[in-house]
Every structure is written in structure tokens, then in C-alpha cells.
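1. Any chance you could fold what I've pasted below:
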Amino acid sequence: MVWGMETSTEGAPRPDSNRAAAEEPAVPAGPAETAVETAADARTVAEAAAETAAVSDLVTGTTAIAPASLSPSRASDFMQCPLLYRFRVIDRLPEKPSEAATRGTLVHAVLERLFDAPAAERTPPRAKSLIPGQWDRLRETRPEVVELFADDPQGERLARWLGEAEQLVERWFTLEDPSRLEPAERELFVETELESGLRLRGIIDRVDVAPTGEVRIVDYKTGKAPRPEYSEGALFQMKFYALVVWRLKNVIPRRLQLVYLGSGQVLTYDPVLADLERVERKLLALWEAIRLATETGDWRPRPTKLCGWCDHQAHCPEFGGTPPPYPLPVRAAELPVQPAPGEGG
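-> The predicted model follows:
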């Protein structure tokens with residue numbers, strides 16, 4: 001027993017395992033396409049609830065302070081566009097559900113629930129049979145997704161959409177063999193506090209622990225793998241999780257594994273201590289920038305190709321919109337003390 005949980009029967013992968021899948025040429029996806037597909041891998045309701053709860057940390061009394069916690073999703077938001085971060089975390093503006101994001105949530109739920117079955121029963125037919133029930137559950141827990149198919153009275157678009165989810169689930173079996181896996185954790189909520197006081201939190205899709213104690217962190221992506229020049233952005237989330245696990249368990253994960261169901265590829269990375277230390281320094285700098293923006297109310301938009309998919313164009317100055325009134329007090333800027341006559345400049 002390690003990690004306080006059952007170990008994986010498959011064990012941590014060797015450096016050359018899954019190499020064929022990992023080394024396949026990535027599809028020609030650009031940063032905009034990659035980001036949209038990454039957004040399709042919507043986090044679970046648990047993470048959404050955790051992040052919403054974290055917003056309560058934004059205000060103490062009447063003084064605006066920096067957010068006290070950060071998830072990979074929100075860190076990516078701020079790096080992409082500080083104003084988007086503000087709209088989501090501080091203003092909490094509503095966003096319409098999308099078919100891609102909802103399909104990602106559905107597939108994640110199916111892959112999680114499949115491991116409830118005995119190893120021999122973890123088959124493609126069994127996995128596909130879970131889709132209708134998980135779709136019903138998703139509609140119960142998130143009624144807004146029903147709007148996606150409100151204009152589809154014959155159910156044709158819904159049937160096609162569910163068929164696409166089936167294809168993604170089937171493709172997973174060409175990349176991993178669930179009958180040989182006994183995950184230590186599924187949809188694991190993790191949280192740790194750094195010495196600086198910054199809390200990091202998130203949801204890890206799957207944690208495998210080998211009998212030798214080696215840890216593998218796995219994340220499912222329902223989009224396509226990014227081109228090699230954009231792989232670092234995709235790995236940021238995984239290194240974030242590795243940092244949290246290291247701080248919680250004093251264990252550096254042996255392998256980080258991204259499973260891209262959209263293109264049938266696996267991206268792996270074996271982190272070292274220097275990687276996690278760099279990520280921690282990056283997050284601390286990011287946190288300082290968020291703290292400053294929170295205190296000053298200065299959340300500047302950062303126009304990119306991704307703006308075309310943003311739900312908040314009506315509130316964005318780049319599109320002629322006006323942000324809502326800033327809901328937090330703004331700390332007055334401290335003016336420099338002027339020297340008295342004769343004291344010099």
C-alpha cells in the first residue's frame with residue numbers, strides 16, 4: 001500500500017511504454033483550435049463548485065485582496081486574458097453551455113464510472129451502455145444543458161451528438177486497456193497550500209499507483225492533440241497537478257499522461273524536481289499579478305484569435321462593450337512623498 005490507496009495492477013509505465021502512440025505526429029492544430037478543444041474537456045461539477053466556493057476568498061471586509069486559490073483552468077484564463085479571468089472569477093458572468101464542452105463532461109463521467117465494474121467487464125459495449133444514464137444524470141445536475149437541444153424536436157442532433165460521444169469512448173480502448181488498470185483515484189479533488197499562502201486546487205481525472213510506489217497522473221482530453229510547438233501549454237495543467245501531488249505527498253509523479261480521444265494520441269512527460277520548482281515560481285508570479293489586478297481593478301483584455309469563441313464580447317471593450325461595474329473596492333494608489341524644498345530630488 002502506498003499513497004493510502006490501492007495500487008494499479010498495470011504499474012507505472014516504463015520510459016518506452018506507449019511510445020508509439022506518444023510519438024505519432026500531432027494533428028495540425030493551432031493555438032486557437034487547441035484552446036477550444038481543451039475547453040471542451042469541461043471540468044466536473046465538483047471542480048466547478050470548488051472554484052465557485054473559492055470566490056468567497058476574494059473579499060475580506062471592505063478591502064479587495066488577491067484570490068486565495070488557483071486552479072489550472074483559472075490560471076490559464078488569466079494567462080490568456082486577464083479580463084476573462086475577472087469575468088469568470090469576480091463578476092461570475094454566466095456562460096452558455098456548448099455541445100463540445102458538455103460532450104467532454106459526459107465522456108469523462110463514463111470513463112470514471114466504467115471502473116466501478118469488475119476488470120473483465122470493462123469493455124466497449126459496457127462503456128457505451130453507460131452513456132444514456134450519464135446523460136440523464138448530467139441533465140439532472142446541470143439543467144442548463146437541456147437548452148443545447150431545445151430546437152431539436154426530432155432528436156436528430158442529439159442522436160448524432162451521442163454517437164460522437166460513443167466514438168470517443170470507443171477510441172479510448174485503442175489507447176488504454178482498462179481491464180489492466182485499477183486506479184488509485186478517479187476524479188480526485190486535490191488542494192494544497194504553498195508556503196507563500198497560495199492555495200492550489202483542481203480535479204485529477206485518474207491517479208495510477210504502481211506496486212513500487214510510482215505515481216502516474218492521467219488526464220482525458222476529448223479534443224485533438226496539439227502540434228508539438230504547442231505541447232508545453234497542454235502540459236502546464238499536468239505539471240500543476242504534479243506540483244500539488246509533490247507538495248501533498250512528497251512524491252514526484254513518475255509520469256504525466258494526456259490521452260487525446262479526438263485524435264487517438266497519447267502525450268506523456270516524465271517530470272523532474274526542477275520542472276515543479278519552475279511551475280511553482282510561475283504560479284507565484286501569476287498570483288502576484290492577479291493580486292495587483294484585484295487591488296487596482298485593472299483587468300486588461302488581451303485580444304487573440306480565441307476572442308471569437310468568448311461568451312463575453314458584449315462586455316469587452318475590444319468589441320465595443322463595457323464591463324460591469326467593478327464589484328470589489330479598489331485600493332487608492334499611494335502617491336509618492338514629495339521632498340521638502342532644499343532636500344533634493
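2. Strands of the stretch 101-250 of the chain, residue ranges please.
-> Along the stretch 101-250 of the chain, the stretches classed as strands by DSSP state E, counting those that start in this stretch are 185-193, 199-209, 215-221.
3. Select the longest helix from the chain.
-> Longest helix in the chain by number of residues (criterion: DSSP state H): helix 273-296.
4. neighbouring contacts of that one?
-> Contact partners of helix 273-296, identified using CB atoms under 8 Å, 6 or more residues apart in numbering, comprise 58, 64-67, 70, 75, 78-79, 82, 85-86, 90, 194, 196, 198, 200, 236, 239-240, 242-243, 246, 252, 298-299, 328, 330-331, 333. The way it works is simple: take the backbone N, C-alpha and C, and place the C-beta from them, glycine included.
5. Buried only: go through those for me.
-> Listed as buried from the contacts of helix 273-296 are 58, 64-67, 70, 75, 78-79, 82, 85-86, 90, 194, 198, 200, 236, 239-240, 242-243, 246, 252, 299, 328; burial here means 16 or more other CB atoms under 10 Å.
6. before we move on, the earlier item: buried stuff in the longest helix of the chain?
-> Buried positions in helix 273-296, judged by neighbour count with 16+ other CB under 10 Å: 275-276, 279-280, 282-283, 286-287, 290-291, 293-295.
7. Now render the residues you listed as TSV, adding pLDDT and distance to P228.
-> TSV is the format used below for these (pLDDT from 0 to 100; distance: CB to CB, whole Å):
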residue	pLDDT	distance to P228
D275	95	18
L276	97	22
V279	97	20
E280	97	25
K282	97	21
L283	97	24
L286	96	25
W287	94	29
I290	94	30
R291	91	34
A293	94	32
T294	92	36
E295	90	39
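8. farthest-separated two in those residues?
-> Farthest-apart pair in those is D275 and E295; separation 31.0 Å (CB to CB).
9. At the geometric centre of this protein, which residue sits there?
-> S73 (4.4 Å; CA atoms, centre = their mean).
10. residues in contact with M79?
-> M79 is in contact with L286, counting by CB under 8 Å, 6+ apart.
11. Just say helix, strand or coil for it.
-> Assigned state for M79: helix (three-state reduction, DSSP: H, G, I helix; E, B strand; the rest coil).
12. Quickly note the distance from it to S69.
-> 16 Å (CB to CB, to the nearest Å).
13. ok, now L83?
-> Look at L83 and S69: by CB to CB, they are 20 Å apart.
14. Distance of the nearest residue to D152 once chain neighbours are set aside relative to A109?
-> Nearest residue to D152 in three dimensions, chain neighbours excluded: L158, at 5.6 Å (CB to CB, 6 or more residues apart in numbering). Between L158 and A109 the computed distance is 17 Å (CB to CB).
15. re the thing from before, out of L83 and S69, which sits in the busier spot?
-> L83 (25 against 20; other CB atoms under 10 Å).
16. so which helix or strand takes in the more buried one?
-> Using DSSP states H and E, L83 sits within helix 82-85.
17. For the stretch 1-150 of the chain, which segments count as helices?
-> Ranges of helices within the stretch 1-150 of the chain are 19-22, 31-40, 45-54, 72-80, 82-85, 99-114, 124-141, based on DSSP state H, counting those that start in this stretch.
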